[in-house]
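Asker: Provided below for reference: sequence and predicted model.
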Amino acid sequence: MKIDTVVSFFSGYWIIEKKKSKLKETVQTEDLQKMRVIAGKCKSLPLKTVFGREIRPTTDRAKETLFNILQPYLSNCRFLDLFGGSGGIGIEALSRGAAFCCFVEQNWRAAACIKENLQFTKLSEYALQLVADAREAVEQLKNEEAFDIIFMDPPYLKGMEQEVLKRLQGAHCVKDQTLFVIEASLKTNFSWLSHSDYEIIKEKKYKTNVHIFVRRTGGKKE
């Protein structure tokens, strides 16, 4: 599905169509920094990234480590990039063999970067972009075809990852094999998962943050 295809059930996409000029105006040269695609068919291509308090790009080193772990699951997979920032994670997934990626990001400057990065890497036809709060977006995506990998990088220490997982309980777009990856602060407490429908299967810690790998258990634990 091309990014310029209107998805009628999701009002957030209508907003991006109505405010194209705003997207162009808000991304100023001084706001942009460059990152790159690490591997795959788009290897070494530069990506625009908006830096600011609301946007926290995953470093190249952490991204490379993450995708070394994810690589066996990427071929022809459906990938969901929540709190997508400038799209670096989802684009890396597409570059490495994912068949489709849905990008969800509510910040307008970041959303414009995703659009530009997809066009530059010629990956737009494999992507769908939703400009909306991730928690609202998953409500709209619940009945869509199941995703194989769901990545989320929410604002640290605000509990948004817990809310997203709660909203996806029993959703058609999540299957038992769906792999969730949560990027979080090292200070984040995930003890609540032991009383949920999910379980941690792997952790990868970095200097200041961590990637938590989670799957659905199929039944709530006591």
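Answerer: Alright, I've got the coordinates. Numbers count the residues shown, from 1 in each chain.

Asker: contacts and neighbour counts: CA atoms only from here.
Answerer: Noted.

Asker: who's residue 34 bridged to?
Answerer: Beta bridges link residue 34 to residue 48, judged by DSSP bridges.

Asker: local confidence estimate at it?
Answerer: Looking at residue 34, its pLDDT stands at 70.

Asker: where does this structure have low pLDDT?
Answerer: Scanning the chain for pLDDT under 70 picks out 1-33, 52-55, 218-222.

Asker: can you count the residues close to the nearest residue to residue 74 once chain neighbours are set aside?
Answerer: Ranked by CA to CA, 6 or more residues apart in numbering and with sequence neighbours excluded, the top spatial neighbour of residue 74 is residue 98, at 5.2 Å. Residue 98 has 22 neighbours, counted by other CA atoms under 10 Å.

Asker: repeat for residue 192
Answerer: Residue 192 has 10 nearby residues by other CA under 10 Å.

Asker: separation between it and residue 95?
Answerer: 34 Å (CA to CA, to the nearest Å).

Asker: with residue 203 instead?
Answerer: 24 Å.

Asker: what residue lies at the spatial centre of the protein?
Answerer: Taking CA atoms, centre = their mean, the centroid of the chain lies closest to residue 81, which sits 1.6 Å from it.

Asker: now do whatever helix or strand that residue lives in: everything it contacts.
Answerer: If you go by DSSP states H and E, residue 81 is part of strand 78-82. Residues outside strand 78-82 that contact it (CA atoms under 8 Å, 6 or more residues apart in numbering) are 87, 89-90, 93, 98-105, 134, 146-154.
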